[in-house]
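**Student:** output the structure for:
(2 chains)
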Amino acid sequence: MSWVSVDALRVGYGSQVVLDGVDLTVEKGSVVAVLGPSGCGKTTLLRSIAGLLPVTSGSIRVGDRELSSASVRVPPEKRGIGWVPQDASLFPHLSVGENIGFGIPRGKQRAARIAELATLVGLGDYIDRSPAQLSGGQAQRVSLARALAPRPDVVLLDEPFAALDPMLRTALRAEVAELLRGQGSTAVLVTHDQEEALSLADKVAVMMGGRILQWGSPVDVYEQPTTPWVARFVGDTVEFAGVWRDGFAECALGTIEALAMDGLAAGESIRVVLRPEWVTLAPDGADAHVVAVSYAGHDALVTLELASGDRMRSRIAAPDLPAPGDRVGVKLRRRALAYR
Amino acid sequence: MSVIGVRRARRSGSRLASAPLALVLLAAVCALAAAIPLVYLVVRTADAGLAVLVDTLLRERVLRLAANSVLLAIAVTASCLVLGIAVAWVLSRVRMPAGRLGLLLTALPLAVPSYLAAYGWLVVFPTLNGFFPSWFVMTAVCTPYVALPVAAALRGASGDLEAVARTLGRNPFQGFVAATLPRVRPAATAGALLVCLYTLSDFGAVSMLRFQTLTWGINSAYGASFDRNQAAILALLLVVLALIVVAGERRTRGHVVAPAARPVPLIAPRRGLLPVFAAIVLAAPVVGVVVPVAGLLSRLLEAETIRTIDVGRLAEAIGTTLLLALAGAVVAVALALPIAALAARFRGRLVNAIESVGYLGHALPGIVVGLSLVFFSLAVVPALYQTVVVLVFAYAVLFMQKAIGSARSGIEAVPNGLIAVSRSLGLTASQTWWRVTARMAAPSIGVGALLVAIAVMKELPATLLLRPTGISTLSVELWNRTEIFEFGAAAPYAAALVLLAAVPAFVLSGVRGVAKEEEL
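**Tutor:** Residues are numbered from 1 along each chain as shown, chains lettered A, B, ... in the order given. The predicted model follows:
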């Protein structure tokens, strides 16, 4: 059952339309990632859900409450929605503990709740510190604790890891995912980092130009992207021009099995899309020779030139690497994708 | 990171081994010149003896003057703080028609000397006098000192903080108070202390509006001439008050918030509220500038005023004012340059001390500098008493801080790499200074000179005390006529002052960017 539902949401600044009919549903206790390039409207979506922006039409509901529509705008402080902004935005004049406690009503439980959350994010000893003394990752954790403290119905995270260095980002990402799931929190995460979206979320919405292009599980989005653009945005692609032959695609790799992503007629010219890691080297495959090997330890990106002169990249696991100049056979491990 | 932190980092990067002795000596001499009035005032008061000092300080009249000064300063500071923060909030948060114009209008009162605003109101309502009119006019004139820095801080304060406060259950006003107000508090405090300083130092407006403060008391005790001890002690009392305020101001200076990660979205006001917001922004410019200038113009255009204009005398006053402004600017820049060159390139306790002494004029009320230099010239260089030399020196002392500030930032902006290149091409240090540093910093030094010239033209109390007999400036002519309620006869001088000083001040402030207003 959907807990957060965004229906046909349109938001604009003046005459400029930023969100153009966005639909999104989030189940209770799940984590949804909104993935898109900068300027696609994902932050606007988040700010609209938080009640920081008015909507032009459509609606935002949480549970059975309508929070936003053309005529309704519940103010942010009455929504029960937590928000973790991109730069943590800790109140610099308040201590860590006071930041965490900012949204908790005064009362007996307050101090205990602050301590509980500080411990939860691993900063139990930092309650009296000032935000200026925290590292970027610690600041983000405090920001998350602050948002979770009043037990919001939904937590919104706006690129919370973007400002951190890569090592820290990966670690904190896993930690936050575990924490959100452990608390049973419902969360919407906005990011432009596909790895982050795929690894963290139960469902991913790929967004561009104010619209949601695809909505599905991380596996769906990666393995069966609805358009070539989504395919390229979510990961590496290898692409060829080809012709559709009912379940097969004729292209530089020969005639290969393919999945029609659009309604295709036999003989129609198509775009064949696959992922570099779907490629394997096998003696009975299509003829190719190795142009370059870009070694990355666990695997390597191997650039191949086919008999047709087309080039393609394939990701090959480390022990079986060919050398530049080698003649190899190229096969696919699974069906390629065919688009009109 | 605060702006001051960035500046420090840059300075330490540009630090050279140690300052050349000649430059330090030269700068020290220039700074000492700025210290003469204060030092001599202390010497003069000490001469009078402790008994006289205590006796004078405890007189009922002195206590009343001091109480009036403090009361007015506190009242004006409080009202400027409230109005200034409201104006700043409207300017930085509300989508107003012609938003940029709002900033310019807010800066407008800075261009008008307080006594000119008082004069304009007296023209319209000749019976105004006492505390409340003084409070009213001074508030209008001083509001920009709070409004402009707070508006800049508000624009710099991240809107996300307020948004976070909203999502955690605060309504819009609570969100502003909890998240944003603490961020602008340093700017507001610094602005408020400037207001306090200028209200304490103000002579023209309070005297025209007949509210008896310390500055008024100093002038009248001096004018009565039988009690110069009392004038000196009153001046010392005023200086102590001013220095307390300046000490507070220095402590708060430089705590400017970091630029915003995300600009705050502007609020589109509901139809009914637009006039309210407009009224908040317009209050100070209307009271401080529009009404006075309208009053002045109405008087100027009356047939009687035009018939009785003494063109020769007006032209002479304009000429004198311009010449004095030029002389003041030249001397002030000459004294300022060594200090600026030193402070821009070197750090250290001695350098800091020299620079601080150079800024002394900022803290000294004009009437105090005037009075002290009267005593000084009479006692030490009687040949110069009542000559233009002492008057121009007073201007230089009062306003050289403007030239130091401007020249220093210009010199600091010259990259060290260029200087190194020049030296590597065979130029000596002083050749490099003239051919590279001074050339590149020339626009900033010029702006500093212009700022001094404008300030000289607007100056009143020191000019009143120090001007040689027979020499008269626009501000003095305006003052003399207003003193005897000849508002019509004063009008041409007021108008000339607006054209000569207020308009260039305003244009210049526009050119430099209104955000930097507080330096004017």
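**Student:** residue contacts, the closest residue to chain A within chain B?
**Tutor:** Of all residues in chain B, residue B:168 sits closest to chain A, at 3.0 Å by Cβ to the nearest Cβ. No exception for glycine: its C-beta is placed from N, CA and C like everyone else's. Residue B:168 sits next to A:77, A:82, A:102, A:103, A:146, A:147, A:149, A:150 when contact means Cβ atoms under 8 Å, 6 or more residues apart in numbering or on different chains.
**Student:** which of the residues you listed tops the neighbour count?
**Tutor:** Within the contacts of residue B:168, residue A:146 tops the neighbour count with 31 neighbours, counted by other Cβ atoms under 10 Å in any protein chain shown.
**Student:** low-confidence ranges in the stretch 151-300 of chain B?
**Tutor:** Counting by pLDDT under 70, the stretch 151-300 of chain B has low-confidence residues at B:158, B:225-227, B:252-265.
**Student:** and it, which residues reach chain A?
**Tutor:** Residues of the stretch 151-300 of chain B lying near chain A by Cβ under 8 Å from any Cβ of the partner chain: B:158, B:160-161, B:163-172, B:175, B:178-179, B:182-183, B:261-262, B:265.
**Student:** now do the domain split for chain B, please.
**Tutor:** Domains of chain B are assigned by automatic domain parsing as B:39-300, B:302-520.
**Student:** need those domains in TSV (columns: distance to residue A:127).
**Tutor:** Below are those laid out as TSV (distance: least, Cβ to Cβ, whole Å):
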stretch	distance to residue A:127
domain B:39-300	18
domain B:302-520	38
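**Student:** minimum distance to residue A:167: which of the ones you listed has it?
**Tutor:** Ranking the domains of chain B by their distance to residue A:167 (criterion: Cβ to Cβ) puts domain B:39-300 first, at 23.3 Å.
**Student:** lowest average confidence, helix or strand, in chain A?
**Tutor:** The helix or strand of chain A with the lowest confidence, counting by mean pLDDT, DSSP states H and E, is helix A:166-182 at a mean of 86.
**Student:** tell me the buried residues in that helix?
**Tutor:** Residues A:169, A:172, A:173, A:176, A:177, A:179, A:180 are the ones in helix A:166-182 that count as buried (16 or more other Cβ atoms under 10 Å in any protein chain shown).
**Student:** for stretch B:311-331, same thing?
**Tutor:** B:314, B:317, B:318, B:320, B:321, B:322, B:324, B:325, B:327, B:328, B:329, B:331.
**Student:** hmm, who's touching that stretch?
**Tutor:** B:388, B:391-393, B:395-396, B:399, B:403, B:449-450, B:452-454, B:456-457, B:463, B:471-477, B:492-493, B:496, B:500.
**Student:** can you check stretch A:293-300 too?
**Tutor:** With contact meaning Cβ under 8 Å, 6+ apart, stretch A:293-300 is reached by A:301, A:302, A:303, A:315, A:316, A:317, A:318, A:321, A:322, A:323, A:324.
**Student:** could you rerun that using 7 Å?
**Tutor:** If you take Cβ atoms under 7 Å, 6 or more residues apart in numbering or on different chains as the criterion, stretch A:293-300 is touched by A:301, A:302, A:315, A:316, A:317, A:318, A:321, A:323, A:324.
**Student:** out of those residues, who's nearest residue B:151?
**Tutor:** Among the contacts of stretch A:293-300, residue A:301 lies closest to residue B:151 (Cβ to Cβ), at 53.3 Å.
**Student:** helix, strand or coil for the closest one?
**Tutor:** Classification of residue A:301 by DSSP: H, G, I helix; E, B strand; the rest coil places it in strand.
**Student:** neighbouring strands of the following helix or strand past the least confident helix or strand of chain A in the sheet, and parallel or not?
**Tutor:** Moving toward the C-terminus from helix A:166-182, the next helix or strand (DSSP states H and E) is strand A:187-191. Strand A:187-191 has the following strand partners under DSSP bridges: strand A:31-35 (parallel), strand A:154-158 (parallel).
**Student:** buried stuff in stretch B:103-117?
**Tutor:** Quick answer for stretch B:103-117 (16+ other Cβ under 10 Å): B:103, B:105-117.
**Student:** so how far is it off the chain centroid?
**Tutor:** Mean-position distance between stretch B:103-117 and its chain equals 12 Å (Cα atoms, centre = their mean, to the nearest Å).
**Student:** wait, isn't residue A:279 in contact with residue A:314?
**Tutor:** Yes. The pair residue A:279 and residue A:314 qualifies as a contact (Cβ atoms under 7 Å) at a distance of 3.4 Å.
**Student:** which one of the residues in chain A is closest to chain B?
**Tutor:** Residue of chain A nearest chain B, by Cβ to the nearest Cβ: residue A:103 (3.0 Å).
**Student:** contact partners for that residue?
**Tutor:** Counted by Cβ under 7 Å, 6+ apart, residue A:103 has contacts A:146, A:149, A:150, B:168, B:169.
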